[in-house]
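Novice: Dropping a prediction and its sequence here:
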2 protein chains.
Amino acid sequence: MLPEFESYLKKNADFPEEVIKAMYDLAIVKTLKRNESLLQAGDVCRYKVFIAKGLLRCYVTGGNGNEHILQFCPENSWTLDVESYDNQIPATTNIAAIEPSVVLLWTKSDFEKLRIDFPILKQFSEILISRSIYQNRHRVATTLSATPEEKYEDFVTRYPNLLSRLPLHMIAAYMGISLKTLTRIRHSQLNR
Amino acid sequence: MLPEFESYLKKNADFPEEVIKAMYDLAIVKTLKRNESLLQAGDVCRYKVFIAKGLLRCYVTGGNGNEHILQFCPENSWTLDVESYDNQIPATTNIAAIEPSVVLLWTKSDFEKLRIDFPILKQFSEILISRSIYQNRHRVATTLSATPEEKYEDFVTRYPNLLSRLPLHMIAAYMGISLKTLTRIRHSQLNR
DNA sequence: TTGAATTATGGTCAAATGACCAAGTTTTTA
DNA sequence: TAAAAACTTGGTCATTTGACCATAATTCAA
């Protein structure tokens, strides 16, 4: 049993021991090296992913080949390509490790089984879904209405702990601006 | 009974007559004039909204006062400020009519009651939630990675029927570009 | 139906942004 | 530990974009 996994589910969802055990028994534990890929666009997203240690990114690649990051996924968070997972169709996003990481994986059928067996898991899933909806809505609103400076402010206040773990070019890829613009913002903030 | 509402639920969700009837009995029917507001940022979103006729927009206003449109809501679609509705807290978005419209409204408690009484409604809600998640994800990806031209192409192909019903400045406000840029794109497309 | 409001387009100019390149620093990995 | 890779910052320049303004066409509302 991974202690990170156990303590996360106890603290955040108040799961009884037996549920955690049952989940863990069906999980695949996987270790990822820095930059190792977990899902490539075009492949089917076969697993629901819990990040126990490390940091992943979920991204798309534009026509010119550069990355645009949809989500950073640090320890104690979940990720997947929803549409691909739900319908078992090819994914449009990529998932890869930024830091060396440890993840738990469940196939869709295994996770569905767990959700039926343990209503508390179904309930917790729905909370996670809500959160992700709120987050995506905020993301759309910010991306549309905020200036680059405001986006950076927003990022810094929302994810202060990620700031030091990420290379700037990835923060720029998340904010939807060039690295140059980001360093310009940081430069101008020094003189204030 | 509004025939639009009835035929929507029969066609799209295969609801039995009695469910539709029960829903309609708890609904508030409201007529909106062009530009009339249904929800203002700061107020609590008390209702789940079904658009039976017309066209609404859901938008936020940036610091400089200009609109950024999150969603167009034509007839036979649903809308609300989710986070405000779920938690009955002040909304961050506004909802207003673009065309004269007719909407059905349910309070959260009434809708919850309906969802408990009729499992088919709960099931249908979950489909709608999934769709909205996919849509939001696509929106974030497009907003980040597409050029203005590509965003316009995407809009035209995804919402061909809305194109002629919307003033260009609203399409620009949806795409996150200025009206000027949008007319420039359209101009350059003429010469091709 | 007619006056008022809204809308679409275009011109000009300043500002913001990205592409490309280079250099010094830090981190990774063999 | 040492070489290689990745990262941060900065410079320059061309391009894109937005702000502001004006005008003609269209649509709305009394």
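Specialist: Nice, I can see it.

Novice: Would you mind listing the residues in contact with residue A:39?
Specialist: Residue A:39 makes contact with A:45, A:80, A:81, A:91, A:93, A:94, A:95, according to Cβ atoms under 8 Å, 6 or more residues apart in numbering or on different chains. For glycine as for every other residue, the C-beta is placed from the backbone atoms N, C-alpha and C.

Novice: buried sites along stretch A:71-85?
Specialist: By neighbour count on 16 or more other Cβ atoms under 10 Å in any protein chain shown, the buried set for stretch A:71-85 is A:71-77, A:79-85.

Novice: correction: stretch A:185-192
Specialist: With burial defined by 16+ other Cβ under 10 Å, the residues of stretch A:185-192 counted as buried are residue A:185.

Novice: Just checking the distance from the helix ranked longest in chain A to the centre of its chain.
Specialist: Looking across chain A with DSSP state H, the single longest helix is helix A:119-145. Chain-centre distance of helix A:119-145: 12 Å, with Cα atoms, centre = their mean, to the nearest Å.

Novice: What helices and strands are in contact with that helix?
Specialist: The contact analysis (3 or more Cβ pairs under 8 Å, 6 or more residues apart in numbering or on different chains; DSSP states H and E) places helix A:119-145 against helix A:17-26, helix A:108-117, helix A:148-158, strand B:55-61, strand B:67-74, helix B:82-87, helix B:119-145.

Novice: Now do that helix against helix A:108-117, angle only.
Specialist: Interaxial angle, helix A:119-145 versus helix A:108-117 (axes from the mean of the first three to the mean of the last three Cα atoms, to 10 degrees): 120 degrees.

Novice: Determine whether any part of helix A:119-145 lies close to DNA strand C.
Specialist: No - in terms of Cβ under 7 Å from any atom of the strand, no part of helix A:119-145 sits within range of DNA strand C; the closest distance is 12.1 Å.

Novice: what's the angle from that helix to helix A:17-26?
Specialist: Calculated by the same axes, to 10 degrees, helix A:119-145 forms an angle of 70 degrees with helix A:17-26.

Novice: For the helices and strands packed on helix A:119-145, could you give me CSV that also reports mean pLDDT?
Specialist: Below are the helices and strands packed on helix A:119-145 laid out as CSV (pLDDT from 0 to 100):
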stretch, mean pLDDT
helix A:17-26, 97
helix A:108-117, 98
helix A:148-158, 96
strand B:55-61, 97
strand B:67-74, 97
helix B:82-87, 98
helix B:119-145, 97
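
Novice: Now the ones you listed in a markdown table, please, with extra columns for distance to DNA strand D.
Specialist: Compiled in a markdown table, the helices and strands packed on helix A:119-145 are given as follows (distance: least, Cβ to the nearest atom of the strand, whole Å):
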| stretch | distance to DNA strand D |
| --- | --- |
| helix A:17-26 | 32 |
| helix A:108-117 | 32 |
| helix A:148-158 | 12 |
| strand B:55-61 | 11 |
| strand B:67-74 | 11 |
| helix B:82-87 | 27 |
| helix B:119-145 | 12 |
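
Novice: In CSV, list those along with distance to residue B:181.
Specialist: Below are the helices and strands packed on helix A:119-145 laid out as CSV (distance: least, Cβ to Cβ, whole Å):
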stretch, distance to residue B:181
helix A:17-26, 49
helix A:108-117, 42
helix A:148-158, 17
strand B:55-61, 19
strand B:67-74, 14
helix B:82-87, 30
helix B:119-145, 14
